[in-house]
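> sequence first, then the predicted structure:
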Amino acid sequence: MSVHSEDNRKVTTRRLFEMKQRGEKISMLTAYDFTMANIVDEAGIDVILVGDSASNVICGNTTTLPITLDQMIFLAKSSIRGIKRALAVVDMPFGSYQGNSHEAIASAIRIMKETHADGIKMEGGEEIIDSVKRIIGAGIPIMGHLGLMPQSINKYGSYTVRAQEEEEAEKLIRDAHLLEDAGCFALVLEKIPAKLGTQIATELSIPVIGIGAGGGVDGQVLVIHDMLGLTQGFSPRFLRRYANLREQMNQAIQHYIADVKSSDFPNEKEQY
Ligand code: KIV
């Protein structure tokens, strides 16, 4: 099956906006290294996120909190070398922007200068709005992130669906408008009721990309390791697995081990 876009022009924030206007859904996946980003880009994805979920799937941490700005920059630099067409967005990691807007702008500038990203992503609404405005004022495109915000896991205490109560849903709607008014080019909504996702996508003119926010938003994002079936023990309702690469890799590696042990590898043609 080939769904490779005929349009090989570089995806820009403007083009995402136009996609929303004409009702074309936006596809987004994470990637954290050159080869994976190159494969995802070649397949025709619209947006590649070098997410701080790297803290989990690359570094083996249980939360996104430990990953540092230096580590994110290393991963982003490597990934973005593999991207030709997709819009490349890099997550601002926990601790690189929450302190004050000086710190936030310094972190954002480092990401843009050192990784050649097209934009950054930040978690939060009203609490970080001054930093959002200053960063956008410096010419750096921002994708907002509301709903379940994994960097605040210690505040929530669990990864359950957010904004089920009216008060939290109202704050989320207010924050979404604040981020749009501040100039964010898109918004990620994570793990919220589908009805609320649809409402926000309808009210906002910028693209709203969901992960567990239902089908009424303007696009979808998944963590690549999850959708390819590389990770284990993580199966939220919103996750569709498109492959079982863990099992395929395990079989290939066991095959290799057996060939080495039996001296079947290398054969005559595989040596000099
Ligand atoms: O870090 C990440 O992978 C993300 C996505 C879940 C949107 O923020």
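That came through fine.
> a strand runs through residue 27, doesn't it?
Yes: the assignment for residue 27 by DSSP: H, G, I helix; E, B strand; the rest coil puts it in a strand.
> just checking, it touches residue 49?
No: in this structure, residue 27 is not within contact of residue 49 by CB atoms under 8 Å, at 11.4 Å. Using the backbone N, CA and C atoms, a C-beta is placed for each residue, glycine as well.
> neighbour count winner among the two?
residue 49 (29 against 20; other CB atoms under 10 Å).
> and what about the more buried one, helix, strand or coil?
The three-state label given to residue 49 by three-state DSSP is strand.
> that one and the ligand, how far apart?
With the distance defined as CB to the nearest ligand atom, to the nearest Å, residue 49 ends up 6 Å from the ligand.
> name the nearest residue to residue 62, sequence neighbours excluded.
Distance criterion CB to CB, 6 or more residues apart in numbering; nearest residue to residue 62, sequence neighbours excluded, is residue 56 at 7.2 Å.
> oh, I was asking about residue 65
residue 94 is the one closest to residue 65 (CB to CB, 6+ apart), at 4.7 Å.
> confirm the one you found sits in a strand?
No: assigned with three-state DSSP, residue 94 falls outside any strand and is coil.
> offset the numbering so it begins at 5, please.
Got it, first residue is 5 now, which makes that one residue 98.
> past the helix or strand harbouring the residue nearest to residue 66, which element shows up next along the chain?
Element membership for residue 60 (DSSP states H and E) is helix 58-61. Following helix 58-61 in sequence order, the next helix or strand is helix 73-84 (DSSP H and E).
> what's the helix or strand that comes right after that following helix packed up against?
Once the chain leaves helix 73-84, the next helix or strand it forms, by DSSP H and E, is strand 91-95. Other elements packing on strand 91-95 under the criterion 3 or more CB pairs under 8 Å, 6 or more residues apart in numbering; DSSP states H and E are helix 17-25, strand 51-54, helix 73-84, helix 105-119, strand 123-127.
> please identify the most buried of those.
Most buried of the helices and strands packed on strand 91-95, by mean neighbour count (mean count of other CB atoms under 10 Å): strand 51-54, with a mean of 29.
> good, we can wrap up now.
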